[in-house]
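Peer 1: requesting a structural model of the entry that follows:
(4 chains)
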Number of protein chains: 2
Amino acid sequence: MMQFDNIYKISDAAKEALNQLMREEVYPKNALIQPVGSSCRTVYIIKKGSARIFYYKDGNDITEHFAFDNDMIVRAESLFTGQPTSKGIQTIDRTEIIALDAFKLFQLYDQHHDLERLFRLIFEREYVNTVKRLESLQFKSAKERYLDLLNSTDYVQKIPLKYIASYLGITQVSLSRIRNRLL
Amino acid sequence: MMQFDNIYKISDAAKEALNQLMREEVYPKNALIQPVGSSCRTVYIIKKGSARIFYYKDGNDITEHFAFDNDMIVRAESLFTGQPTSKGIQTIDRTEIIALDAFKLFQLYDQHHDLERLFRLIFEREYVNTVKRLESLQFKSAKERYLDLLNSTDYVQKIPLKYIASYLGITQVSLSRIRNRLL
DNA sequence: TAGAATTTTTGCCAAAGGTCAGGCGGTGTA
DNA sequence: TACACCGCCTGACCTTTGGCAAAAATTCTA
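Peer 2: Okay, the predicted model is just below:
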């Protein structure tokens, strides 16, 4: 289980209620966990493995987000609005995941305020990560962004180049050239 | 005052406590509300006017965010981490603002859970906006982003081009050319 | 209102990145 | 084994955007 305790300590009762909600799921490589066009009704936490959020733009597969061990993965624009999203979630490697029914989780907030607080803090972190990513997309060169990503996690080595390229906002071809020039 | 009620109704007691925290401030055009390098300890809500979050990259002034009537403006990466940020806040026009001491607000959460919920929901909206902006920076052309911005609010007409350019992730010169080509 | 300062536009050239097409090596499968 | 497929690389050429500089337009201010 995730190290929630580092973020905010919740009561045993809340912990118990939360545990009731958790479903452990294991997916093979390249499994489509959530299809494009669905609504986000599940909060996923990656126990071990890797996954990505993606969508199609002009027929091209674009990776918006990567998640690895202990990362949470949700499609915020759907989870927090109730609207369906044109984004999907797919595993990259074989992945062990903890799935939480979002609706039930939100319902628990009424009984367990500490649970609401815990998840508020968790989502705040995600928010901050998103702001930082925005910053890097706004004014860093593709090469800088690639180097930043390389430094962020060793997992990057295992991710197909095509996923990385769109995540960086460039084409595979350009990323291949950037890599080449780095040698 | 903001239409909080549309988001989540809070008790009279919470409303009262919140009102105690609110300071109304009026700033002239181009006023530096929060300097670069400071920590974000205040939640601002714009009553009337416009402001921006900006920072310097390689000596260039970069606008990260615009806010207009009824928008909240905070530097999330500092507010939620406690770390100082290299970003500042500046008015664009004469602006009437409601300022909330963030520390006191967060303290109120312990007594007023409905206040915590209200602000959780408010920040979730901000989070969603940030995700959408990320999406547009990742794979839309500068021209598309400019047109999107134009459609988003009439205020854009009043914002200096140099602010808009960096917000879109391009230089003033490029934006000027894009504008020209649109005629 | 004149002059200064700032903002926006334009021209010219360079660099980054996109598009299209083909090549090459590894993997899977009949 | 042969062949198809996939992922990544490379070349040629094009488009978008950047850098620099200067002109034009606008705004500020005395």
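
Peer 1: tell me where chain A has strands.
Peer 2: For chain A, the strands defined by DSSP state E occupy A:23-27, A:32-34, A:42-48, A:51-57, A:60-67, A:72-73, A:87-91, A:95-101.

Peer 1: residues of chain A that sit close to DNA strand D?
Peer 2: Contact residues (Cβ under 7 Å from any atom of the strand) of chain A with DNA strand D: A:160-162, A:172-173, A:175-177, A:179-180. Heads up, the C-betas are built off the backbone N, CA and C, glycines and all.

Peer 1: which residue comes closest to the most centrally placed residue in chain A once chain neighbours are left out?
Peer 2: Nearest residue to the geometric centre of chain A (Cα atoms, centre = their mean): residue A:73, 3.1 Å. Sequence neighbours aside, residue A:67 is the residue nearest to residue A:73 in space, at 4.1 Å (criterion: Cβ to Cβ, 6 or more residues apart in numbering or on different chains).

Peer 1: ok so, going back, list only those of the residues of chain A next to DNA strand D flagged as buried.
Peer 2: The neighbour count (16 or more other Cβ atoms under 10 Å in any protein chain shown) marks residue A:175 as buried among the residues of chain A next to DNA strand D.

Peer 1: give the contact list for the residue nearest to residue A:73.
Peer 2: A:44, A:46, A:50-53, A:73 (Cβ atoms under 8 Å, 6 or more residues apart in numbering or on different chains).

Peer 1: who in chain A is up against DNA strand C?
Peer 2: A:141-143, A:169-171, A:173-174, A:178.

Peer 1: grab the nearest non-local neighbour of residue A:45.
Peer 2: Distance criterion Cβ to Cβ, 6+ apart; nearest residue to residue A:45, sequence neighbours excluded, is residue A:98 at 4.4 Å.

Peer 1: settle this for me: that neighbour is touching residue A:23, isn't it.
Peer 2: Yes - judged on Cβ atoms under 8 Å, residue A:98 makes contact with residue A:23 at a distance of 7.2 Å.

Peer 1: low-confidence ranges, chain A, go.
Peer 2: A:1-2 (pLDDT under 70).

Peer 1: helices along that one, start to end?
Peer 2: Along chain A, counting by DSSP state H, helices occupy A:12-21, A:76-79, A:102-111, A:113-139, A:142-152, A:161-168, A:172-181.

Peer 1: for residue A:149, give its distance to residue A:68.
Peer 2: For residue A:149, the distance to residue A:68 equals 12 Å [Cβ to Cβ, to the nearest Å].

Peer 1: these two: which is more packed in?
Peer 2: Between residue A:149 and residue A:68, counting by other Cβ atoms under 10 Å in any protein chain shown, residue A:68 is the more crowded of the two (21 against 16).
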